[in-house]
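**Student:** Can you look at this prediction? I've put the sequence above it.
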Amino acid sequence: MGHAKKRNYDRYTLAYKLQAVKLANHPDVRSKDVAESLGIHPVMFYR
């Protein structure tokens, strides 16, 4: 049997996360658009 390879996840700073949330909380901005501009999947906003 082979060894399970440990997954390598992207780590985001707290400042990056706060900026993403601030952008997504604007009333005229869709979360999908913010995620696309940041290069992340829209589901990541809900994790």
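**Tutor:** Noted; the coordinates are in hand.
**Student:** so where is the protein shaky, pLDDT-wise?
**Tutor:** 1-2 (pLDDT under 70).
**Student:** Helices of this structure, residue ranges please.
**Tutor:** 14-24, 31-38 (DSSP state H).
**Student:** Quick one: the ones you listed as JSON lines, columns for mean neighbour count too.
**Tutor:** Glycine gets a C-beta too; all of them are placed from N, C-alpha and C. Listed next are these as JSON lines, based on neighbours: other C-beta atoms under 10 Å:
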{"stretch": "helix 14-24", "mean neighbour count": "12"}
{"stretch": "helix 31-38", "mean neighbour count": "15"}
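**Student:** Just send the ones you listed back as CSV, with distance to F45 too.
**Tutor:** Putting these into CSV (distance: least, C-beta to C-beta, whole Å) gives the following:
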stretch, distance to F45
helix 14-24, 6
helix 31-38, 5
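**Student:** out of the ones you listed, nearest to R47?
**Tutor:** R47 lies closest, by C-beta to C-beta, to one member of the helices of the chain: helix 14-24, at 10.4 Å.
**Student:** these two touch, right, A24 and P42?
**Tutor:** No. A24 is beyond contact range of P42, at 9.5 Å (criterion: C-beta atoms under 8 Å).
**Student:** which residues are common contacts for those two?
**Tutor:** Common neighbours of A24 and P42 (criterion: C-beta atoms under 8 Å, 6 or more residues apart in numbering): 31, 35.
**Student:** quick one on the thing from earlier: wait, which of the helices of the chain is closest to Y46?
**Tutor:** Across these, closest to Y46 is helix 31-38 (C-beta to C-beta), at 8.7 Å.
**Student:** Give the other helices and strands that the closest one contacts.
**Tutor:** helix 14-24 (3 or more C-beta pairs under 8 Å, 6 or more residues apart in numbering; DSSP states H and E).
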